[in-house]
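Colleague: Here is my input; please provide its structure:
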Amino acid sequence: MTLVGRASLRVEGKLGNMTLVGQAPTYPLAMDWTRGIALRPAMLTKTYYVYILASARNGTLYTSVTNDLVRRVGEHREGRGSGFTKKYGVHRLVWFEAGSSIEGAIVREKQIKRWNRAWKINLFRDSNPNWDDLYPTIARL
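Modeller: Below you'll find the model as predicted:
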């Protein structure tokens, strides 16, 4: 892959009765010579996820980070995840958060791991009050 330039995006949008106009950060453009295509910014960035699994409603919680949420939760469900999730049957995805930085995801994971149980539950209490398993939705089963 060869860096061939930079792309910058103009961002416009509305928030209530305000119009927001700004310049998004510039992203490198790269050329994949093996396929003969220019890679768009989205193709160059990765997404990282911090997630919480539960064994059941009001059950055991597990927090971790990954760059492929569907694959990693699938591994937990098949018993190939961590020993903790296998031992305690923690397979239900109840909350996740996406970001573009592995460093930011790890900091967030460590922050959440230091929290008490009530604070963790507050993360998803409003968005997932029944502790529903979100995996079928993200895996499109």
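Colleague: CA atoms for contacts and neighbours, from now on please.
Modeller: Fine.
Colleague: secondary structure class for residue 94?
Modeller: Put simply, residue 94 is strand when judged by DSSP: H, G, I helix; E, B strand; the rest coil.
Colleague: Identify the residues contacting it.
Modeller: 51-54, 124, 128, 131-134 (Cα atoms under 8 Å, 6 or more residues apart in numbering).
Colleague: can you give me the strands for this protein?
Modeller: Taking DSSP state E as the criterion, the chain contains strands spanning 2-7, 10-15, 18-23, 27-32, 37-39, 48-54, 61-66, 92-99.
Colleague: Mind listing what's buried along the longest one?
Modeller: Right, strand 92-99. For strand 92-99, the neighbour count (16 or more other Cα atoms under 10 Å) marks 92-96 as buried.
Colleague: Nearest to residue 139, out of these: which one, please.
Modeller: Closest approach to residue 139 among the buried residues of strand 92-99 (Cα to Cα): residue 93, at 11.2 Å.
Colleague: what's the nearest residue to the closest one if we skip its chain neighbours?
Modeller: Residue nearest to residue 93 in three dimensions, not counting chain neighbours: residue 53, with 4.5 Å by Cα to Cα, 6 or more residues apart in numbering.
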